[in-house]
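**Q** just to be clear, the model below is a prediction. Sequence and coordinates:
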Amino acid sequence: MKEFTKNVLPHVPAFRRFARGHAADIGSADALVMIALKTLKARWMFLGFGGLKIEGYGLIHSLADDNAAISDDADSEPIPENDTGIACALRRLTTLDRSMILLTSVEQLTFQEVGSALGIPDSFVINELPLARERLREFVEIPLRASARRGAHLRSIK
């Protein structure tokens, strides 16, 4: 038990960051992490493996994907024009796209580690990650394009 705690404790802040990228609020993110840690502990006690970091990311991704499938918020809500920021743009992505971006960009995992955590081939990560980043860029630019259409521009004042 103490060995599990000693091995998993350094990864908890990273798990919380990753879960925060998937959840609407901090409480939901912490709930994802707690469920993942309980599952991880049960697997560790039964199987005794050492890949806690990658397995933890995989569990959080699966939980976030299950929550997204249940709530289906991304498809049912209209996108407000004034909804700005990278966090809002991330929420509009699919869970897989969001996970790939967060794990490579924020957590600095390799393509192989991301593929292992998400249960997909690393070649898929290599091919799909640029497309996911492009979708994220488009979601970030939506509010900018909307404000440009409304006539937000610079004026010269003498």
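**A** Nice, thanks for sending it over. Residues are numbered from 1 along each chain as shown.
**Q** what's the longest helix in this protein?
**A** helix 122-149 (DSSP state H).
**Q** tell me where the protein has helices.
**A** So, for the chain - with DSSP H - the helices run 2-8, 12-22, 26-47, 52-71, 73-76, 86-92, 95-101, 111-118, 122-149.
**Q** hang on, the earlier thing: show the average pLDDT along the longest helix of the chain.
**A** Average pLDDT, helix 122-149: 87.
**Q** residue contacts, the closest residue in space to residue 52 that isn't next to it in sequence?
**A** Closest residue to residue 52 apart from its sequence neighbours, by CB to CB, 6 or more residues apart in numbering: residue 8 at 5.1 Å. (C-beta placed from N, C-alpha, C; glycine too.) Each residue near residue 8 by CB atoms under 8 Å, 6 or more residues apart in numbering is listed here: 37, 40, 41, 52, 56.
**Q** now, of the residues you listed, which are buried?
**A** Among those, those scoring as buried are 37, 40, 52, 56 (criterion: 16 or more other CB atoms under 10 Å).
**Q** got the contacts of residue 8 as CSV, with pLDDT columns?
**A** Putting these into CSV (pLDDT from 0 to 100) gives the following:
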residue, pLDDT
37, 95
40, 92
41, 91
52, 88
56, 94
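**Q** angle of the longest helix of the chain against helix 111-118?
**A** 90 degrees (axes from the mean of the first three to the mean of the last three CA atoms, to 10 degrees).
**Q** give the buried residues for helix 122-149.
**A** 125, 129, 132, 133, 135, 136, 139, 140, 142, 143.
**Q** what do you get for stretch 6-22?
**A** Those would be 8, 11, 14, 15, 16, 18, 19, 20, 21, 22, for stretch 6-22 by 16+ other CB under 10 Å.
**Q** quick check, residue 98 in contact with residue 23.
**A** No - using CB atoms under 8 Å, residue 98 is not in contact with residue 23; the gap is 10.8 Å.
**Q** of those two, which one has the most company?
**A** residue 98 (24 against 21; other CB atoms under 10 Å).
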